[in-house]
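Chemist: fold the stuff below for me.
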Amino acid sequence: MPDSDFRKSFIQSDLSSFFEAQSVAVIGSLKEGIFGGYVVIKSLLDSGYAGQIYPINPAYKEVLGLKVYSALREVRRKIGLVLIVINSRTVPQVIKECAEKGVKAVIVISDGFAERDQEGVRLQNEIVHIARQSGIRIIGPNTAGIANASNGLNLCAYESGYHKLREGPVAICSQTGMTNPQAFPYPDLQFGVSKICDFGNKCDIGECDMLEYLKEDPKTSVISMHLENIQDGRRFLEISKQVASRKPLLILKSGRTQEGARVSASHTGSLAINDQIFDAACKQAGILRLEKFGDLFELPKIFASQPLPKGNRLAIISYTGGAGVLATDEGAKYGLFVTKLAPETDEMLDGIFPGLGKIPVDIGPPSVAIKDFYALYPKILNAVMSDGNVDSLFNVLWVDVKGKMIKSYVETYEQLKGHFQKPLVTWIGGPDSSIIAELTQRLEGLGFPVFCDLETSIKALAMALRFTNIKRST
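Modeler: Now for the predicted structure:
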């Protein structure tokens with residue numbers, strides 16, 4: 001099949017053959033270790049995958065209680081997905097065997113292709129040619145694998161120490177294995193994930209295919225993606241517009257500098273797109289552009305758990321006036337402006353402590369001056385959230401070394417849960433990181449995102465507001 005005809009025939013392809021595979025064949029080393037076929041099979045078993053698993057290796061009879069087959073052709077049943085973890089030179093022959101078996105979905109974990117040298121480029125072109133002649137789709141090569149949290153299909157080839165993923169609404173896709181389970185503590189993400197995918201070299205399936213699939217995926221409501229290059233600029237722009245009008249589409253693009261672009265070519269054999277062109281495309285398509293690697297995991301939290309803001313009126317509650325000023329400046333950068341509370345709210349808060357009814361609401365002085373201040377804390381937070389002049393709230397919490405206020409904070413947030421159609425984001429300060437982590441986990445467990453710093457907190461609110469405006473304009 002000619003290349004152009006292949007691309008045209010699969011332009012609306014459904015990647016459920018990968019993420020919803022009913023059976024998986026794993027071809028590669030079955031020796032116990034931190035990488036390889038053994039890890040994949042163990043991960044599938046431990047994560048609760050209910051489909052059939054077919055280990056393939058002529059040197060073994062059994063692994064982890066499963067029968068091992070010497071070759072694909074020995075498996076009498078239909079195989080939905082094949083994962084390959086072998087020497088790159090033998091991958092073309094295995095792709096031919098997949099074609100003979102009628103397999104239509106293949107993940108090539110193996111490296112040593114276009115990211116390596118000219119011989120690798122030749123090998124990659126060869127497997128692409130075989131696949132396109134046979135109607136096979138490929139993720140990779142040089143990928144760390146994929147995962148689907150809803151069915152236990154965790155095909156990460158590296159040991160992570162955990163295998164079952166918390167199911168949630170965020171899909172995280174990348175052109176690096178640094179977003180796969182072995183490189184990130186997904187159990188700490190309270191909002192959970194829907195799909196994870198490392199594109200690898202993108203010899204076939206890339207960002208456009210994934211976006212088309214995730215656009216229709218009912219399990220995904222937020223997409224966070226890292227890219228080094230764009231395979232088809234026109235198609236990317238078209239599908240991004242469609243996705244971004246329905247679901248928040250957050251993208252981090254590396255290779256912004258000439259040096260970064262050069263390094264990306266050696267990483268995945270890709271050619272980076274001009275950064276100014278990409279930035280213009282993001283604005284045109286409604287893409288929410290990320291700046292830091294950590295943003296891939298942090299910023300989706302606001303979309304996963306909070307309502308969208310209706311406008312740009314920002315309220316701030318803080319233990320320190322300095323944080324209030326910094327948040328005011330940061331908000332102004334993104335078009336978020338500190339609001340003025342309604343007269344009745346102002347009056348009520350001033351009745352608790354003189355001057356409290358002004359934004360930023362500085363609760364530092366009354367927390368020291370008023371006995372049993374934390375009994376009043378729920379009243380203060382509820383009053384600000386209830387105010388009709390407030391579209392979003394940035395709340396700064398402080399916890400002492402003994403965590404005395406945790407109970408009051410959690411009870412307050414429990415009271416707020418589900419009562420307001422406006423976002424509340426939190427930043428926590430204090431001298432003990434373990435106590436901060438405990439409070440963070442408890443608040444995020446209630447559905448309230450806690451961000452790592454003040455700037456990220458405000459940026460999250462700004463991105464939520466931008467998505468509100470994108471939806472209004474479409």
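Chemist: which stretches of the stretch 51-200 of the chain form helices?
Modeler: 91-101, 118-134 (DSSP state H, counting those that start in this stretch).
Chemist: okay, those helices in CSV with distance to Leu308, mean pLDDT and mean neighbour count next?
Modeler: In short, each C-beta sits where N, CA and C put it, glycine included. Shown next, in CSV, are those (distance: least, CB to CB, whole Å; pLDDT from 0 to 100; neighbours: other CB atoms under 10 Å):
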stretch, distance to Leu308, mean pLDDT, mean neighbour count
helix 91-101, 44, 98, 19
helix 118-134, 41, 97, 18
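Chemist: would you format those as JSON lines with distance to Ile277 included?
Modeler: Below are the helices of the stretch 51-200 of the chain laid out as JSON lines (distance: least, CB to CB, whole Å):
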{"stretch": "helix 91-101", "distance to Ile277": "34"}
{"stretch": "helix 118-134", "distance to Ile277": "25"}
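Chemist: between those helices, which one is nearest to Pro55?
Modeler: helix 91-101 (14.2 Å; CB to CB).
Chemist: kindly export that closest one (C-alpha atoms) in CSV.
Modeler: Extracted as CSV, the C-alpha positions of helix 91-101 are listed here (Å, rounded to 0.1, in the frame of the first residue of the first chain):
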residue,chain,number,x,y,z
VAL,A,91,12.3,-6.7,14.8
PRO,A,92,11.5,-6.6,11.1
GLN,A,93,11.2,-10.4,11.0
VAL,A,94,8.8,-10.3,14.0
ILE,A,95,6.7,-7.7,12.3
LYS,A,96,6.4,-10.1,9.3
GLU,A,97,5.3,-12.8,11.7
CYS,A,98,2.7,-10.4,13.1
ALA,A,99,1.4,-9.8,9.6
GLU,A,100,1.1,-13.5,9.0
LYS,A,101,-0.8,-13.9,12.2
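Chemist: ok, residues contacting stretch 394-411?
Modeler: By CB atoms under 8 Å, 6 or more residues apart in numbering, the residues outside stretch 394-411 that reach it are 314-320, 323-324, 327, 331, 374-375, 377-378, 381, 424-432, 435-436, 438-439, 442-443, 446, 454, 457-458, 461.
Chemist: 6 Å instead, please
Modeler: 316-319, 323, 327, 374, 377, 425-432, 435, 439, 442, 457 (CB atoms under 6 Å, 6 or more residues apart in numbering).
Chemist: next, the buried residues of that stretch.
Modeler: Buried residues in stretch 394-411, counting neighbours by 16 or more other CB atoms under 10 Å, are found at 394-399, 403, 405-406, 409-410.
Chemist: of those residues, which is the nearest to Leu45?
Modeler: Out of the buried residues of stretch 394-411, the member with the shortest distance to Leu45 (by CB to CB) is Val410, at 36.4 Å.
Chemist: host element of that closest one?
Modeler: helix 406-416 (DSSP states H and E).
Chemist: quick one, which of the helices of the stretch 51-200 of the chain gets closest to Asn151.
Modeler: The closest of the helices of the stretch 51-200 of the chain to Asn151 is helix 91-101. By CB to CB, the value is 22.1 Å.
Chemist: next, the contact list for Tyr158, please.
Modeler: Per CB under 6 Å, 6+ apart, neighbours of Tyr158: 35, 182.
Chemist: what of the one 10 residues further on?
Modeler: Gly168 makes contact with 191-193, according to CB under 6 Å, 6+ apart.
Chemist: quick one: which of those has the most company?
Modeler: Within the contacts of Gly168, neighbour counts (other CB atoms under 10 Å) peak at Val193, which reaches 29 neighbours.
Chemist: what's that one in contact with, if anything?
Modeler: Val193 makes contacts with 149, 165, 168, 170, 172, as judged by CB under 6 Å, 6+ apart.
Chemist: name the nearest of these relative to Ser29.
Modeler: Distances from Ser29 to these, taken by CB to CB, are shortest for Leu165, at 24.2 Å.
Chemist: now Glu159. Nearest residue, chain neighbours left out?
Modeler: Excluding the flanking residues, the one nearest Glu159 by CB to CB, 6 or more residues apart in numbering is Ile34, at 4.3 Å.
Chemist: likewise for Leu299?
Modeler: Per CB to CB, 6+ apart, closest to Leu299 is Ala460, 5.5 Å.
Chemist: and the one you found, what helix or strand is that in?
Modeler: For Ala460, the host element (DSSP H and E) is helix 454-473.
Chemist: how about that helix: buried residues?
Modeler: 454, 456-468, 470.
Chemist: of those, which is the nearest to Ala157?
Modeler: Looking across those and measuring by CB to CB, the closest to Ala157 is Thr456, at 31.2 Å.
Chemist: let me see the contact set for that closest one.
Modeler: Glu298.
Chemist: and if you look at Leu381?
Modeler: Thr412 are the contacts of Leu381 under CB under 6 Å, 6+ apart.
Chemist: again, only using 7 Å
Modeler: By CB atoms under 7 Å, 6 or more residues apart in numbering, the contact set of Leu381 is 317, 412, 416.
Chemist: secondary structure element holding the nearest residue to Glu212 once chain neighbours are set aside?
Modeler: The shortest distance from Glu212 to any non-neighbouring residue, by CB to CB, 6+ apart, is to Ile239 (5.6 Å). Using DSSP H and E, Ile239 maps to helix 233-244.
Chemist: elements contacting that helix?
Modeler: Contacts defined by 3 or more CB pairs under 7 Å, 6 or more residues apart in numbering; DSSP states H and E place helix 233-244 against helix 207-216, helix 275-285.
Chemist: buried ones in that helix?
Modeler: Residues 235-237, 239-244 are the ones in helix 233-244 that count as buried (16+ other CB under 10 Å).
Chemist: neighbouring strands for the helix or strand that comes right after it, and are they parallel or not?
Modeler: Per DSSP H and E, the first helix or strand lying C-terminal to helix 233-244 is strand 249-253. Sheet partners assigned to strand 249-253 using DSSP bridges are listed as strand 222-227 (parallel), strand 288-290 (parallel).
Chemist: can you list the domain ranges for this protein.
Modeler: As recorded under automatic domain parsing, the domains making up the chain are 3-301, 306-473.
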